[in-house]
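Asker: Here is a sequence together with a model predicted from it:
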Amino acid sequence: AAAAMLSLCPLLLQLLTFTALCVRVSGSKERQYTATCAPGSPVASEPFCDPTRPVSARALLLAQAATTEEKLNIWNGHGLQNGIPRLNVHPYRRDTVCFQGPALNTRDVLWTAPNVTVFPNAINVGATFDVELAAQAANATASELRGVNELQLQDSGFNAGPICDVGPMANTAHDPRWGRIAQVYGEDPYLCGSMTATTVQNLQNRKTVGDREYLQIAVTVGLYIGAHGDNSGQVPKDRDAFELTARDLHDQYLPSYEAGLTGPLQADGVMCGHAAFNATPCCASQLLLDTVLRDEWNSSAMVRTDCCHDISNMVDNHHFTSSLEDAVVAAIDAGLQYCFGCDMGNETATVDALSSALATGRVSATKFDSAIARGLLTRFNLGEFDRDPASSPYGSGYADTVDAPAHRQLARKLAAASIVLVENHGALLPLGKGHAQGHAAATPVTVAAVGPFADCKGQGQKGWTSENCYLQQYVGVPSKVVSVAEGIAKTTVATLVTSAAEADVVVVAVGLGPHYEAEGRDRSTLKLPGDQQALIDNTTRALGAKQDCVVLLFTAGPVDFDRGVCRAVVWAGYPGEEAGNAVADVLFGSVSPSGRLPMTWYRNEYLSHVGNLTDYDTTSGVGRTYRYLKASAAGLVAYPFGHGLSFANFSYQSLRVTKPHSAGSLMATVKVANTGSVAAHEVIQVYVVLPADNTTAGEFPRPALSLCGFAKKWIEAGDTAEVAIPVPVKLLGLVWPNGTRIVPTTGTFDFYAGGNQPFVKNGAPVVSFQLPA
């Protein structure tokens, strides 16, 4: 018993420190924070505070200065990472998500967090096909998270920690039923990889000062590599186990991670997934965490678990090991460096298991010190251990960016740019005939907004889930969410009426929301839930001869629906706090829609022709994603990947592909003419069809076609733009059964450039390119 009490002493000291801090916050709010290495700190003269040493050496020195018990406390943490009071190392928040702007876990346990800007969800960002706009949103998010940290430090003396523990998620959505599609950029590896890399780079904003590198915020890419199987009706995510060929792994699932975890601008961390991949839990996979991450990609990213049972899962659910100690040893041997919320509710058992492994030498002290040092290195690179953290490159000056008006305007711009005009028969849209888009004088119109997504209220959270149906999971709390009804009411050409019978146009706002698609909520059908299809049917039956209607969809994944006589269909995704204003911008023509579907939209019958969610094989059944969908399944597609209409008309000509303009790239150049009457953005999509004879190893699965380049271009009415788009040569390669991507040196490749997939829009040019050039 005495030994047990002694083992609890570090935890009791941590609890007392935490409690004292809470008392100070709830009382006078007197600042009690002294930076670890500040002059006057009790450890200021310690070697790990010596600014002349490399930060990697300082991080290791700090790890070595801690006792085993202190290191065990800092290795495991959820929300609040334990500090080391003896060394003046403070508790640190490690539970912030950056899917739609900075999001702390509901409300900070020590401090009421401020309102923040809530941008559109990741699936909307993917729908923009606009890396520059994605970069702007990432920069704004980074500034706001730094600002939140700054405010909290000023108000409470607690360092919130500018770390995005999840964001972005680099997964590709291989199945339309997956509940977490809102959190990813789409189904295509190149699109997802491009958005992941851009977001990581502009969240972190790596900056070199002298021989030091600083991060504005530190980003962890998730969920490496599997996160499907969330639905209790299929397989809970903690028990998800899937088989994956080496070819599928390297062709479909790894490229988007590689984009964010390689090179000098790579993400600071990577989160291994709950699932077991080829009978090995992802967090204990030597293949994923060592062979691929370290050897093939040369990545220095810190490896951490997801929350909250990844170690015990290896024993209880995956049956990979027979004991917690064996599981801990396997994970650390594979490369795990930090346990996030390690087995919540049973933390002591897991920490005890690691303690035992350290005592017996199954986990070496040297390896454990390196793991602890890697986690501390992130904090060094954020400036926490500088003599004066506030004067580090990103240490101060960001408080005014939190929920700034300019960021709200950016949220509206991004939301509008992500909206997809799916159908527009008889040019019903824009309503009022586009008063701001060069049309004739605006025509007043009366509009009724009906349906469960017409006037969503609320802006708080329940756990990680927003109470507002335009948002989703893992969001901050905005100061205001604009509903569709409010957005319509603000327009100068529309009168919002409450009765559909009195309206010229009825907007039927339907969708899914986090009650039907979210983490833990996969779908078993692609149909609209509840009586929403009946609402569309009843609305269309009640329309008068001079009335029209628009179906407005708020979903991440595809839905199979019947629009009835509604002449227009608009997809808005989860557009964030400026939802209503952005929708109104598109409906009434102040913005020409330029979003494109980042996923294939299937009919519900498709589900009977593929396996369940844990079937990651892209070629199973009739195929998964547009890249592997069999020609015989064309009738199961309602809308293809990349689909989207505009208020302008565009034509393409003179496509040419030239020899590499830089190492590893070709250049596709095409002339795009705006033949319509309004200026607009166009999304230029470049696809490649691989030759059938580029391997002598026999036939094996190959994509029918692949996106290999894209760009978004503003073109005035009547103008023609010549658009040059780099095409990575490696995308011409074919992944062989052993997982090796063979980049060709010879062969004929067909390239297509247009506003959609090949053969969807007639008249777009196709050109053949011969290697060697």
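Answerer: Right, received. Where do you want to start?

Asker: now residue 312: how far from residue 271?
Answerer: 17 Å (Cβ to Cβ, to the nearest Å). Every residue, glycine included, has its C-beta placed from N, CA and C.

Asker: Who has more neighbours out of those two?
Answerer: residue 271 (28 against 21; other Cβ atoms under 10 Å).

Asker: Identify the residue spatially nearest to that one, adjacent ones excluded.
Answerer: Excluding its sequence neighbours, the residue lying closest to residue 271 (Cβ to Cβ, 6 or more residues apart in numbering) is residue 222, at 3.8 Å.

Asker: Residue 400 too?
Answerer: Nearest to residue 400 is residue 147, by Cβ to Cβ, 6+ apart, at 7.1 Å.

Asker: List the contacts of the helix or strand harbouring residue 549.
Answerer: For residue 549, the host element (DSSP states H and E) is strand 548-554. Residues outside strand 548-554 that contact it (Cβ atoms under 8 Å, 6 or more residues apart in numbering): 422, 428-429, 451, 453, 469-470, 484, 504-513, 536, 539-540, 543, 559, 561, 563-575, 583, 587.

Asker: So which elements touch the next helix or strand after it?
Answerer: Counting by DSSP H and E, the element after strand 548-554 in chain order, helix or strand, is strand 568-571. Here strand 568-571 touches strand 420-424, strand 548-554, helix 579-587, going by 3 or more Cβ pairs under 8 Å, 6 or more residues apart in numbering; DSSP states H and E.

Asker: what about 6 Å?
Answerer: Contacts defined by 3 or more Cβ pairs under 6 Å, 6 or more residues apart in numbering; DSSP states H and E place strand 568-571 against strand 420-424, strand 548-554.

Asker: tilt between the last one and strand 420-424?
Answerer: Here strand 548-554 points in a direction 150 degrees away from that of strand 420-424 (axes from the mean of the first three to the mean of the last three Cα atoms, to 10 degrees).

Asker: i'd like the first residue to be 12 from this point on
Answerer: With the count now opening at 12, the last piece we talked about shows up as strand 559-565.

Asker: got the contact list for residue 108?
Answerer: 114, 177, 178, 485 (Cβ atoms under 6 Å, 6 or more residues apart in numbering).

Asker: Neighbours of the last one, how many?
Answerer: Taking other Cβ under 10 Å as the neighbour definition, residue 485 ends up with a count of 28.

Asker: any idea how far it lies from residue 301?
Answerer: Taking Cβ to Cβ, one finds residue 485 at 29 Å from residue 301.

Asker: Flag every buried residue along stretch 92-99.
Answerer: 92, 93, 94, 95, 96, 98, 99 (16 or more other Cβ atoms under 10 Å).

Asker: Which helix or strand lies directly C-terminal to the host helix or strand of the residue nearest to residue 411?
Answerer: Using DSSP H and E, residue 158 sits in helix 142-167. Note on helix 142-167: by DSSP H and E, the next helix or strand toward the C-terminus is strand 174-175.

Asker: what's that following strand in contact with?
Answerer: Under Cβ under 6 Å, 6+ apart, the answer for strand 174-175 is 105, 107, 109, 228, 229, 230.

Asker: In this structure the last one contacts residue 211, no?
Answerer: This points to residue 230. Yes: counting by Cβ atoms under 6 Å, residue 230 touches residue 211, with 5.3 Å between them.

Asker: Which of those two has more residues huddled nearby?
Answerer: The neighbour count for residue 230 versus residue 211, taken as other Cβ under 10 Å, is higher for residue 230 (30 against 25).

Asker: show me the contacts for the more buried one.
Answerer: 175, 211, 214, 215, 278, 279.

Asker: Can I get those residues in CSV including distance to residue 133, pLDDT and secondary structure?
Answerer: Below are the contacts of residue 230 laid out as CSV (distance: Cβ to Cβ, whole Å; pLDDT from 0 to 100; DSSP: H, G, I helix; E, B strand; the rest coil):
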residue, distance to residue 133, pLDDT, secondary structure
175, 13, 84, strand
211, 13, 97, helix
214, 13, 97, helix
215, 17, 97, helix
278, 15, 97, coil
279, 19, 97, coil
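
Asker: Any of these buried? List them.
Answerer: The buried subset of the contacts of residue 230 - by 16+ other Cβ under 10 Å - is 175, 211, 214, 215, 278, 279.

Asker: on that earlier part again, right, and the residue nearest to residue 282 touches residue 179 too?
Answerer: No: Residue 233 is beyond contact range of residue 179, at 8.0 Å (criterion: Cβ under 6 Å).

Asker: Name the stretch among the helices and strands packed on strand 579-582 that sits most buried.
Answerer: The highest average neighbour count among the helices and strands packed on strand 579-582, using mean count of other Cβ atoms under 10 Å, belongs to strand 559-565 at a mean of 25.

Asker: Check which residues of the helix or strand hosting residue 549 are buried.
Answerer: Using DSSP H and E, residue 549 falls within helix 543-553. For helix 543-553, the neighbour count (16+ other Cβ under 10 Å) marks 543, 544, 546, 547, 550, 551 as buried.

Asker: can you name the two of the residues you listed that are farthest apart?
Answerer: Largest separation among these by Cβ to Cβ: 543 and 551, giving 13.0 Å.

Asker: Once you drop chain neighbours, what's closest to residue 684?
Answerer: In space, residue 684 is closest to residue 731, 4.3 Å off (Cβ to Cβ, 6+ apart).

Asker: Quick check: the one you found touching residue 685?
Answerer: No: the pair residue 731 / residue 685 is not scored as a contact, 7.5 Å apart, by Cβ under 6 Å.

Asker: Counting neighbours, go ahead and name the busier of those two.
Answerer: residue 685 (23 against 15).

Asker: ok, the more buried one - contacts?
Answerer: Contacts of residue 685 (Cβ under 6 Å, 6+ apart): 659, 661, 726, 728, 730.

Asker: How much space separates the third one from residue 664?
Answerer: It refers to residue 726. To residue 664, residue 726 is 14 Å away according to Cβ to Cβ.

Asker: Where does the prediction get shaky in the stretch 212-361 of the chain?
Answerer: 238-250, 354-356 (pLDDT under 70).

Asker: Kindly recompute the last result at 90.
Answerer: 221-222, 233-234, 236-254, 284-286, 288, 317-321, 324, 327-328, 351-359 (pLDDT under 90).

Asker: And the strands in the stretch 312-461 of the chain?
Answerer: 313-315, 350-351, 431-435, 456-461 (DSSP state E, counting those that start in this stretch).

Asker: Any idea how far the first one is from the middle of the chain?
Answerer: What that stands for is strand 313-315. Its chain's C-alpha centre and that of strand 313-315 lie 18 Å apart, by Cα atoms, centre = their mean, to the nearest Å.

Asker: next one: the longest one
Answerer: Strand 456-461 has its average C-alpha position 34 Å from the chain's average C-alpha position, going by Cα atoms, centre = their mean.
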